[in-house]
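>>> Could you look at this predicted model? Sequence included:
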Amino acid sequence: MTRKRLAMTLLLLAGLFLVGCDSISAPPDDSAPTLVDRQGDLTVSITPLNLKAPGETLDFNVGLSSRTTNLNYRMSALATLTADTGRTVRATVWTITYPQKAGGFHIEGTLGFPAKVDGVSITDGATKLTLTLVNVAVPKRIYIWELK
């Protein structure tokens, strides 16, 4: 096989590999597990992405899966993040990463919250973070992470 043909084959294989990837996202924060809530016909899993090193936002990967419910939710309007110190922030960003649009029965996206309240990190002095979703197929879903 000539070098040119080998290079073309490798390029084609790399392209096929990338097309096969559903989404590319930041790796999860190893200290914080994925939490799953299965209520009604909807399963919602949430994984913190940057609790150890937040930027302007604290980000969470959110996966929603259902067999019958259309998942056309504006998650940023339905989510709050509260530290056990009493600091609370509302989500400001909801970016769908799979399947690239709202609706359907399987959605994945990134939910972002401001990392600071009045100039102070929401995690300063906190031992727990609670993410609450309201009216996502049920009245309330609560996720709690222990901070170290």
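Arrived safely.

>>> R67: how many residues sit nearby?
9 (other C-beta atoms under 10 Å). The way it works is simple: take the backbone N, C-alpha and C, and place the C-beta from them, glycine included.

>>> Now do it, the pLDDT please.
At R67 the predicted local confidence, pLDDT, stands at 85.

>>> Would you agree P114 is in contact with T92?
Yes - when contacts are counted by C-beta atoms under 8 Å, P114 is listed as touching T92 (6.1 Å).

>>> Show me which of the two is the more surrounded one.
More crowded of P114 and T92, by other C-beta under 10 Å: P114, with 17 against 13.

>>> Okay, and the beta partners of that one?
T57 (DSSP bridges).

>>> what sits against it?
Applying C-beta atoms under 8 Å, 6 or more residues apart in numbering, one finds that P114 lies in contact with 56-58, 89, 92, 122.

>>> what touches both of P114 and T92?
Counting by C-beta under 8 Å, 6+ apart, the residues touching both P114 and T92 are T57.

>>> Let me know the pLDDT of the residue nearest the centre of the chain.
Note on the chain: the residue nearest the mean C-alpha position is N61, at 1.3 Å, using C-alpha atoms, centre = their mean. The predicted structure scores N61 at 97 on the pLDDT scale.
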